[in-house]
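1. Mind folding the following:
(2 chains)
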Number of protein chains: 2
Amino acid sequence: MTDRPNLRVDGDRLWATLMETARFGATEKGGVRRLTLSPEDGAVRDWFRAACEAAGMRVSVDTLGNMFALRPGRDMAKPPLGFGSHLDTQPTGGKFDGILGTLAALEVVRTLNEAGIETEVPLCVCNWTNEEGSRFVPALMGSLAHVGDFTVEDILSRTDAAGITAGAALEAIGYRGAMPVGTQAFGGFVELHIEQGPLLEAEGTTIGVVERGQGIVWYDGRITGFESHAGSTPMHLRRDALAALSELVLAVEGLAVEHGPDAVGTVGEAAIATPSRNVIPGAIAFSAEFRSPDATILETLERGLAAKIAEIAARRRVEIALDPVWRKAPTAFDPGVVAAVRGAAQALGLSHRPIVSGAAHDAFSLAAIVPAAMIFVPCKDGVSHNELESAEKSDCAAGADVLLHTVLALAGGRAP
Amino acid sequence: MTDRPNLRVDGDRLWATLMETARFGATEKGGVRRLTLSPEDGAVRDWFRAACEAAGMRVSVDTLGNMFALRPGRDMAKPPLGFGSHLDTQPTGGKFDGILGTLAALEVVRTLNEAGIETEVPLCVCNWTNEEGSRFVPALMGSLAHVGDFTVEDILSRTDAAGITAGAALEAIGYRGAMPVGTQAFGGFVELHIEQGPLLEAEGTTIGVVERGQGIVWYDGRITGFESHAGSTPMHLRRDALAALSELVLAVEGLAVEHGPDAVGTVGEAAIATPSRNVIPGAIAFSAEFRSPDATILETLERGLAAKIAEIAARRRVEIALDPVWRKAPTAFDPGVVAAVRGAAQALGLSHRPIVSGAAHDAFSLAAIVPAAMIFVPCKDGVSHNELESAEKSDCAAGADVLLHTVLALAGGRAP
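-> Predicted structure coming up:
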């Protein structure tokens, strides 16, 4: 623990910033639609930059729009401790996913400023570009490019459904910065996030000490059958792409259930090429994914799906292409940073438990190059990626307090 | 048979008109995309009107764009014999579906003109608006309104996916005519069409004498589950709309197979409300249909699907709405007109067989008010509603010859 054990963030102020930023992309149902690099994303970035500057930080933007707000430390020769998350949302997202971690980092700096605390190592509040991956693939785009998993040229050329490149979208909102990607150094990274699952709420636990993250494989797929007349093509002569997809969807679901409880599998996108009510669907594009914290199970799921697809394709006389577009091995977070999170929760007297992250986060990317860990707080009914996503004000404040004391422990009198 | 047993249409000229009109909406793959009331439909209508007028006919257009080209008969007090089909296509349609029947009717008139034959009763070549039903619902729109199944006001207010009304679309191409719908009288109706199924080709039979038509039910449906994060929502807590749809698609297929061989069932459209690869689908709109020539089987299929939907909805904790948007009872064609078709095929020495129509046609609508029947010719691999749709020139000519002699038998010396 630090020498300021009674220090707390201002939970009311943190909540007010969450509600204030929820205006950018607000939906009728109380959610947020703030696709990465959209005008709404540009607006919240402008707000965030101004707030960071008002808190005395200098903001740099790299060529992929990743934002770094630096608070000086006593020893400027040391690489800063990074913390933060992302400000973009899903097409029908909520007010907390990513945003809580970014604004809590800002709140930690405001609290340190008011308490007159200077840390030993500098601090760096981060907003990573396109964590969500719903407008541009891959997800975690900014942080993965930062750690070298993708080249900047590759990322800039990625296109959205309308054919707009990431590069053009960055320029359109004025966030194609000058700082070369990957040059912001870190001594460590901590990310606060809502759980996006039901465990903490169900158990009445306030803090999840994230020890591991699920491995992920994302696929793009396409089924090619044969379009023909729905009225006059007998059942046994059909090559129905939608019927084939239906078996595939149920196979993904069945495989995940079979390898539970931690494994999950989802088909999130499916679009018939030329839909018409009296034409048998001839071609469908779809996405699929599996996640598991266990690399062996992940491989088993992938092999199982490949076998099932071969069987479906042969029996139904359709072609099924399935291309992995992203693979992320399971993440094991740094024992030292995990211990700092656990220690902060303990010292604050908050209930806590070890947990596995089902979703991917920017901290997964950073864990590949620096000691990293995450802090989870409960969200209502475990719901996320949904306009109904909600979290308690007291839980948000508790998570920010754990972040504050984790930062003090890692960057305080003792360097991380 | 008539007193001109050796009269034949000009098969080369018929083929040339098929290829010429295929320019209007031609696709790269050799098909036709000529959605009803589109600019392409307007262009082919202009071509068709000019060709009819050049063949000495007077063309009337009703307020729904149905086109009637009248060739006088000796007894103008008698209602004309109608024949023809439609010129619109599916989004990825072919050169023959509907078009063959319309252009063959024109070819019959050209043949009669050249042979100097005046029929007893007048003839009326028809092009019916929106047979396909893929831009505006219902299919058979023009002919169903003609027989009184829908009001003109209702049809004019129907909208396409872009929100354009049928009325506005008619005006845009100049085919909102002055003639009140339903006022063109008929003494009978005959329609030549490609089979759109595999039977004739597989058996090596040239002419299908269509005795019955399948009953049809069309549904619009919607599944409402719950959007949540694909990574952190455990399998047993999901309410996945796409997984529910997948079971429904396979249930539609399974019910049709179970009640074969004539019954068919199809889900042709399915659209996830806000697709994202890492979000569990929360809402899906879809269409479904069943067809059978047997009214009892059609009812059994409908009851079976309703029961299956109740089971899926309860088990998966999703809502499934299924609304019938169109029902058409099985059609029994007029024995007299069917006999005229059979007699023409016999007299021409063409192989023929009785057949059930799997697809709906404008002749189904007309059969409700006048004696009607249909003539089928083979199409390649039974394929239709597809850019690969194809038919042999000799089969098209044979079908037009049967149409010619059916018309002569019904409208010739002897009135229908």
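2. Tell me which stretches of the stretch 301-416 of chain A form strands.
-> With DSSP state E, counting those that start in this stretch as the criterion, the stretch 301-416 of chain A has strands at A:319-328, A:331-332, A:352-357, A:372-377.
3. can you pull the contacts of the closest residue to A:Arg342 other than its chain neighbours?
-> Spatially, and ignoring its direct neighbours in sequence, A:Arg342 is nearest to A:Val209 (4.8 Å; C-beta to C-beta, 6 or more residues apart in numbering or on different chains). Every C-beta, even on glycine, is put in place using the N, C-alpha and C of the backbone. A:Val209 is in contact with A:338, A:341-342, A:345, A:352-355, A:373, A:375-376, counting by C-beta atoms under 8 Å, 6 or more residues apart in numbering or on different chains.
4. residues touching the residue nearest the centre of chain A, list them.
-> What sits nearest the mean C-alpha location of chain A, by C-alpha atoms, centre = their mean, is A:His361, with 3.9 Å. Contact analysis of A:His361 by C-beta under 8 Å, 6+ apart lists A:85, A:131, A:140, A:191, A:193, A:213, A:374.
5. Swap in 6 Å and give it another go.
-> A:His361 makes contact with A:191, A:193, according to C-beta atoms under 6 Å, 6 or more residues apart in numbering or on different chains.
6. Can you give me the pLDDT of it?
-> pLDDT recorded at A:His361 is 95.
7. cool, A:Glu28 as well?
-> pLDDT recorded at A:Glu28 is 93.
8. count of neighbours near it?
-> With neighbours defined by other C-beta atoms under 10 Å in any protein chain shown, the count for A:Glu28 comes to 6.
9. any idea how far it is from chain B?
-> From A:Glu28 across to chain B, the span is 13 Å (C-beta to the nearest C-beta, to the nearest Å).
10. Now the residue in the stretch 101-250 of chain A that chain B sits nearest to. Nearest residue, chain neighbours left out?
-> Going by C-beta to the nearest C-beta, chain B is nearest to A:Ser232 of the stretch 101-250 of chain A, at 3.1 Å. Among residues not flanking A:Ser232 along the chain, B:Gly358 sits closest, at 3.1 Å (C-beta to C-beta, 6+ apart).
11. and that neighbour, what does it touch?
-> With contacts taken as C-beta under 6 Å, 6+ apart, B:Gly358 has the following neighbours: A:231-232, B:197, B:214.
12. Is it possible to get CSV of the residues you listed that adds distance to A:Phe68 and neighbour count?
-> CSV is the format used below for the contacts of B:Gly358 (distance: C-beta to C-beta, whole Å; neighbours: other C-beta atoms under 10 Å in any protein chain shown):
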residue, distance to A:Phe68, neighbour count
A:Gly231, 61, 25
A:Ser232, 63, 27
B:Gly197, 65, 28
B:Gln214, 66, 26
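13. If you count neighbours, what's buried in the helix or strand containing A:Val59?
-> Assigned by DSSP states H and E, A:Val59 belongs to strand A:58-61. Buried residues in strand A:58-61, counted by 16 or more other C-beta atoms under 10 Å in any protein chain shown: A:59-61.
14. Run through the neighbouring helices and strands of it.
-> strand A:67-71 (3 or more C-beta pairs under 6 Å, 6 or more residues apart in numbering or on different chains; DSSP states H and E).
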